[in-house]
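1. Here is my input; please provide its structure:
(3 chains)
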Amino acid sequence: MAKNENLGKFVTPAGLEVPPPPHFNKPKSKYTVFNFVNGIIFVLVCLLILIPIWKVLIDSLDLTTGYGMKLLPTQFGLDGYLSIFTNQSLLQPLWVSIYTTVAGTFIGLLLSTMGAYVLIQWDMPGRTFFANLLLFTMIFSGGMIPSYLVMRAVGLTDNPLGPILLPAINVYNLVLMRNFFEGIPKSLFESADLDGCTPMGMFWRIALPLSKAALASIGLMFAVAYWNDYTNFKLYITNRNLYNFQMKLRDMMQSSDLPEAVGSATENTIRNACIITAILPFMVLYPFLQKYFVKGINIGAVKE
Amino acid sequence: MASTTSNGTIQVKKKPLLQRMQKYWGFYLMFIPVLVFVAVFHYAPMFGIRYAFYSWKIIGDPVWVGLANFEKLFRQSQFTTSFWNTIVFSVVKLLLNTGMAVIISLLLNEMISLKFKKLSQTIIYLPHFMSWVVTASVFSLLLSPSENGLVNQLLIRMGLIDKGIYYLADKQQWRVWYYIINVWRETGWQTIIFMATLTGIDPGIYEAASIDGAGRWQKMWYVTFPALGNTIITVLILNLAKIMNLFESVFVLQNDSVRRATNVLQTYVYYQTFNSGASADYGYTTAVGLFRSLVGLALMLICNYASKKVRGRGIV
Amino acid sequence: MKKLISLILVLALCAGLVTVTASADDKLKIVVMVDGTVLDQNNGRDAIEARWEELHPEYDLEFVQPDHSAYYDVMQQRISSGDWPDVLILSSTYYAEYAAAGVLWDMTEAWENSKTKNSGRFTGDNVFEGLKIDGKLYGFAPTRGNGCVTYVKKAWMDACGITEAPTTYEAYIDMLKAFRDKYGTYAVAAAGFVGTEAPYVNYLPEFYQDAYPFFVQQEDGTWVDGFTQDSMKAALQRIQDAVADGLIDKETLTNKTSDARNKFYDDKFGVFTYWAGTWATNLKTNLEANGKDGELVALKPLEGNPLYYDRVPPVWCITAKCAHPQEVFDGFIDTMLDGGDTQMLWEYGAEGTHWTREAGTVLAGTEKEATYEAGQFHMLENLEKAGTLYTKNHIDPMLALAGFEEGYDDPRSVEPEALAAAELFNNNSRLASIVPVTDVLSELNGELTTIKNEIIADIALGNMSVEEGYQKFADEGALDMSNEIVESLNALN
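-> The predicted structure is shown next:
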């Protein structure tokens, strides 16, 4: 984004000043028919996407229980959310969710990028073997009980490290990451190699800085998987102090089926408030990540 | 296995293996963490695959039964239907979702208002965060045949139908809505990876294309779309491997009336077990899992081979 | 090769990390695996544990409590990996199966000689008869299983000028028709035309009457498939007519329980068959929160109809690996309904944490604020959900199979409508029987049930007539499967 603002200067990650790519000098925003139609299309798409979510949102803010669709709540009230956020035992799971998500995303990204980086070394002996070794795990799995036995044997049951480490190796994300790395011009690596840069050095100084969009998107995929993780906590954690937010929300949604109305919130209000609460963090987070999705920012910047 | 190391394409001046490996020692070192994770979390539990050949009722010791579990699976009267349903549902769903995601990405890419682009992106990815159970309950309301069903009300107002249709109770309509609901839920999420890929396109190419007189559509078709090609193929093939895992999306949308017509392998096996009066035979479950894996492997190999033929390279 | 080496490396790693825990204590340690029906760690379980150990100083209690929804996954994992607790809670399906597989300790004799059975307060002999498998008892149920009763909105009855609750099917149908005409909507809705678990017919009992779609044992001891009986055909005809008449919501097919409840709260329909007991209160409060009249009339089973079905309750079992089963039975199981302090603990929780007799005000500053004098029993505020009170611990006082000892300060005071519904149910219910599992049954029943349910749904929606439905049943080989299963069940006798 910042680079859009001072078009005169364009700086590579290595600190070289280069003329801006032609793309950035082009006058933007022409109000053509296409753009108009395109805009209309997205208004419609967004509307279609929003209708079902609107139903949940309105129900979460409505103190009465309605079965049908409503444009606005019949009786507006925040009691559904209040009953979630005044719940003392929610802070600990929230904290668990935050640290497993942050730590897991970090480890997951590290493993994916390192693995992906090794997999673009086409001439490396054993590369194909490694690739197949990884792909094999995508298809075959040992099953629930053997997984539990292994997790228990390595001491990762009832241990927050379990749900952090287990999903950190994700072959799907690793292969996608490798795809992104491939877009980096080979010449960059070659010249760095001639300058005596180590593999690790190239990784940190070339591969990663040039893959911000990839890191943002794969990172997001990891973060969402960690935040939404329910299965691993369900299977490997029995200590309630180690439950994450998602576990807790499911717990609350289930117990909202039990005869205990909270404040003036009815069971339906609470259930819907739980659903919205689970979406919230990423509704807030996503716009901040979007600056990495601006086109032409990566490769364009290093064109000689 | 160690002999498969040569890549085939680079046999120009082959140095001794050790010497070549030495050059890459740093990379091997970097790969160790990945190997350790894969070994512990994926390969170590794989001893469990052998249970596919055992009968193990959780309690007591596993009993060797050879291929009996597989025979049992193939003998099931609904096996063929549910097997084909799995393939058809997943392939159609995969093509629709990916196709829509590509179109949306291309159109988003052309959008001039940055604010609206961001807003649209944020909105379309939201459905991914709604669990399948919630999705199913909201859509069964939208598709209700009663006066509460938005879809029917809309169609009635437009004069297309005169009475509400019970979409989810109709075996044909059910499939249509199954795909629509999947597109609704997953398209936005898939665009993330395509949008990220689009950032990698060198703007110079657009410029060159413009100078050559290419219009918007031509640029979109000849520059942007091919740039996505690799990612599209990768996403498709990687997802093929997981095709047979289809379960939750079908499960939550099924009802008694359409169940037999819409069962996929996983839901079928689930109901077999659920109504059997006993808890699952772990051996049988594992055998079904192994069968699914083998199908996934076959599909992936075929497509990877096709990809190699057409593009000269596979996905890894 | 490499794969093998890495595998070996991992195995070595695993072996090195296996930790052995041993506790040295002269008390008898009982490891108890419980689901979410016991108040959990966040809700003062430690206080319960402390109080229990205070009442039974010769034991050391340890709870293992997985997340409620994961209970059976985790429990199976434990059992299959040999890591058995001493005591665990099981639902009826697992109970029958585990008993057959030898996981459970046979407590027939211990039960016969138990204090509970011979206390004179025990009222659950018929429940325990139902729990016996081949004459042997492997589990202990402190409560009955509960079931569903039919609730009618009083306001709707008044509006239609119906002064007396219907007692016959004809009167019932007339009432439904009156509701339909008055409110322009269907009168009854349920989650599914047929249930997914025993007792299958509990959400539409007035229409099913004596029909039952699963295998039933007749009085002479022989088994039949209830689905093939004439009673079932008649029931399906009744349901089809009622749906066609607009009396039953046709979306019953796709309704989830929460959909059905929401429609009920939103006055989409007026007659709802749902759980007895505390749910009576819950339906009422939710209706009132919605600005509707919350008064509900619980119907007795209609004339000529059999009683409501009672579910098989979850049971407490001792595993066969337990080192001192008799001691565990005496100390843990047999004290649960002791009519005194331990029963109090299981019903209401720990004094000072979940309930108290001290003077005080609860829920201060809210609508439900209440002040109690010293000596007055009252529940305390929920540790997790501010603004609500605890209602019970593991044992629902309304469902308990034994009351308190004479003279013990029984605090039982439940909402009158819940008590009424519970009593009505308890007086008018029978236990759904446990069907033994044969190999043929577990092989064929999955398929069979799916076909049965499809036919029920299609007949209900009017897609086919009853005759066509049964023709399809025969044509698709379901009748043969059904006969095979019946044969295998009869071979057990």
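2. Stretch B:87-98 vs chain A: in contact?
-> No: Stretch B:87-98 lies apart from chain A when judged by CB under 8 Å from any CB of the partner chain; the minimum separation is 13.4 Å. The way it works is simple: take the backbone N, C-alpha and C, and place the C-beta from them, glycine included.
3. outside of that stretch, which residues touch it?
-> Residues outside stretch B:87-98 that contact it (CB atoms under 8 Å, 6 or more residues apart in numbering or on different chains): B:175, B:178-179, B:182-183, B:186-187, B:190, B:232, B:235-236, B:239-240, B:243-244, B:246, B:250, B:264.
4. now with 10 Å?
-> By CB atoms under 10 Å, 6 or more residues apart in numbering or on different chains, the residues outside stretch B:87-98 that reach it are B:175, B:178-187, B:189-190, B:194, B:231-232, B:235-236, B:239-240, B:242-246, B:249-250, B:262, B:264-265, B:295, B:299.
5. So which of those residues sit within helices?
-> Mapping the contacts of stretch B:87-98 onto helices (DSSP state H) picks out B:175, B:178-187, B:189-190, B:194, B:231-232, B:235-236, B:239-240, B:249-250, B:262, B:265, B:295, B:299.
6. which ones are touching C:G44?
-> C:50-51, C:349-350, C:352-354, C:380, C:382-384, C:390, C:393.
7. measure it to A:Y67 for me?
-> 37 Å (CB to CB, to the nearest Å).
8. repeat for C:G339
-> Distance from C:G339 to A:Y67, by CB to CB: 46 Å.
9. again with C:W111
-> From C:W111 to A:Y67 the distance is 48 Å (CB to CB).
10. what residues are up against C:Y72?
-> Taking CB under 10 Å, 6+ apart as the criterion, C:Y72 is in contact with B:279, C:35, C:66, C:90-91, C:93-94.
11. Mind telling me what element it is part of?
-> helix C:71-80 (DSSP states H and E).
12. Same question for C:D60.
-> Secondary structure from DSSP H and E places C:D60 in strand C:59-64.
13. Strand partners (parallel or antiparallel) of that strand?
-> strand C:28-33 (parallel) (DSSP bridges).
14. mind listing what's buried in the partner strand?
-> C:28, C:30-33 (16 or more other CB atoms under 10 Å in any protein chain shown).
15. Quick one: distance of it to the chain centre.
-> 25 Å (CA atoms, centre = their mean, to the nearest Å).
16. what's the answer for stretch A:267-286, then?
-> With CA atoms, centre = their mean as the basis, the mean position of stretch A:267-286 lies at 17 Å from the chain mean.
17. circling back to that earlier point, and the least confident of the contacts of C:G44?
-> For these, the model is least confident at C:E384; its pLDDT is 76.
18. if I pick that one, what's in contact with it?
-> Applying CB under 10 Å, 6+ apart, we find C:E384 in contact with A:86-90, A:248, A:251-252, A:255, C:39-40, C:42-44, C:390.
19. Also B:G66?
-> B:53-54 are the contacts of B:G66 under CB under 10 Å, 6+ apart.
20. Give me the pLDDT value at it.
-> 90.
21. Over to B:I10?
-> For B:I10, the pLDDT comes out at 46.
22. ditto for C:A155
-> Reported pLDDT for C:A155: 95.
23. same check, this time on C:S23
-> 42.
24. For the residue in chain C positioned nearest to chain A, the count of nearby residues, please.
-> Residue of chain C nearest chain A, by CB to the nearest CB: C:N282 (3.5 Å). C:N282 has 22 neighbours, counted by other CB atoms under 10 Å in any protein chain shown.
25. Let's see the host helix or strand of it as CSV, backbone CA atoms only.
-> Using DSSP H and E, C:N282 sits within helix C:278-289. Listed next in CSV are the C-alpha coordinates belonging to helix C:278-289 (Å, rounded to 0.1, in the frame of the first residue of the first chain):
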residue,chain,number,x,y,z
THR,C,278,-37.6,-29.7,33.5
TRP,C,279,-38.4,-29.2,29.8
ALA,C,280,-41.9,-28.3,30.8
THR,C,281,-40.5,-25.3,32.6
ASN,C,282,-38.1,-24.5,29.8
LEU,C,283,-40.8,-24.5,27.1
LYS,C,284,-42.9,-22.2,29.3
THR,C,285,-40.1,-19.7,30.0
ASN,C,286,-39.1,-19.6,26.4
LEU,C,287,-42.7,-19.0,25.3
GLU,C,288,-43.1,-16.3,27.9
ALA,C,289,-39.8,-14.6,26.8
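26. Quick one: list the elements packing against it.
-> helix A:267-289, strand C:148-153, helix C:257-265, strand C:271-275, strand C:296-299, helix C:416-427 (3 or more CB pairs under 10 Å, 6 or more residues apart in numbering or on different chains; DSSP states H and E).
27. how about the ones you listed, which one is nearest chain B?
-> helix A:267-289 (4.3 Å).
28. Any idea how far the closest one is from the middle of the chain?
-> With CA atoms, centre = their mean, you get 15 Å for helix A:267-289.
29. average pLDDT across that helix?
-> Rounded mean pLDDT across helix A:267-289 is 84.
30. and the most centrally placed residue in chain C, what pLDDT?
-> Centroid check for chain C by CA atoms, centre = their mean gives C:G145 as the closest residue, at 4.8 Å. For C:G145, the pLDDT comes out at 84.
31. Now for C:E327: which residues touch it?
-> Contacts of C:E327 by CB under 10 Å, 6+ apart are C:28, C:30, C:58-59, C:86.
32. again, only using 6 Å
-> C:L28 (CB atoms under 6 Å, 6 or more residues apart in numbering or on different chains).
33. From the chain's centroid, how far away is the helix or strand where C:L448 lies?
-> Using DSSP H and E, C:L448 sits within helix C:439-460. The gap between where helix C:439-460 is centred and where its chain is centred comes out at 23 Å by CA atoms, centre = their mean.
34. Pull the residues that contact it.
-> So helix C:439-460 is contacted by B:256-257, B:259-260, B:271-272, B:275-278, C:193-194, C:213, C:227, C:236, C:239-240, C:243, C:253, C:464, C:466, C:469, C:473, C:478, C:481, C:484-485, C:488 (CB under 6 Å, 6+ apart).
35. Quickly list the domain ranges of chain C.
-> Chain C resolves into domains spanning C:25-145+C:313-345, C:148-310+C:433-490 when parsed by automatic domain parsing.
36. so where's the chain shaky on pLDDT?
-> Here I'm looking at chain A. A:1-31, A:88, A:252-265, A:294-304 (pLDDT under 70).
37. wrong one, chain C
-> For chain C, the ranges with pLDDT under 70 are C:1-25, C:413-414.
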